[in-house]
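Asker: Model the following, please.
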Amino acid sequence: LFEGTAGVELHEHFAEEAVLAGLVRTTKTNLDKAITGEHNEATTLYPGFAKRATAVGDTAAAGYFRDTAADEAKHQAAFQQALDELH
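Answerer: The predicted structure follows:
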């Protein structure tokens, strides 16, 4: 019962509310926004976290943030490839 209700909330109600709120855009617009966000995370956000962690001697956290930045760069590339394939 709960899983079924949650499914309706997520896939029907939330989706319809997102459209009404103007959150649903075209695939191109969504990919453009995703590429921008992933680029920021890969080049600024996570490298900055890694730098801060290194500064306080937390090598485990610094490594985690560097790995995460690399993952975000891969996401950016995948989104860029999808965008390129739209044209």
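
Asker: I'd like to know which elements the top helix by length along the chain is packed against.
Answerer: Longest helix in the chain, counting residues (DSSP state H): helix 59-86. Applying 3 or more Cβ pairs under 8 Å, 6 or more residues apart in numbering; DSSP states H and E, we find helix 59-86 packed against helix 27-40, helix 46-55. (Each C-beta comes from the backbone N, C-alpha and C, glycine too.)

Asker: Quick one: work out the angle between it and helix 27-40.
Answerer: 150 degrees (axes from the mean of the first three to the mean of the last three Cα atoms, to 10 degrees).

Asker: For helix 59-86, list every residue counted as buried.
Answerer: Neighbour-count burial for helix 59-86 flags 62, 65-66, 68-69, 72-73, 75-76, 79-80, 83 (criterion: 16 or more other Cβ atoms under 10 Å).

Asker: about what we covered before: minimum distance to Phe14: which of the helices and strands packed on helix 59-86 has it?
Answerer: helix 27-40 (16.4 Å; Cβ to Cβ).

Asker: Make a markdown table from the helices and strands packed on helix 59-86 and add mean neighbour count and distance to Ala6 to it.
Answerer: Below are the helices and strands packed on helix 59-86 laid out as a markdown table (neighbours: other Cβ atoms under 10 Å; distance: least, Cβ to Cβ, whole Å):
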| stretch | mean neighbour count | distance to Ala6 |
| --- | --- | --- |
| helix 27-40 | 15 | 24 |
| helix 46-55 | 16 | 32 |
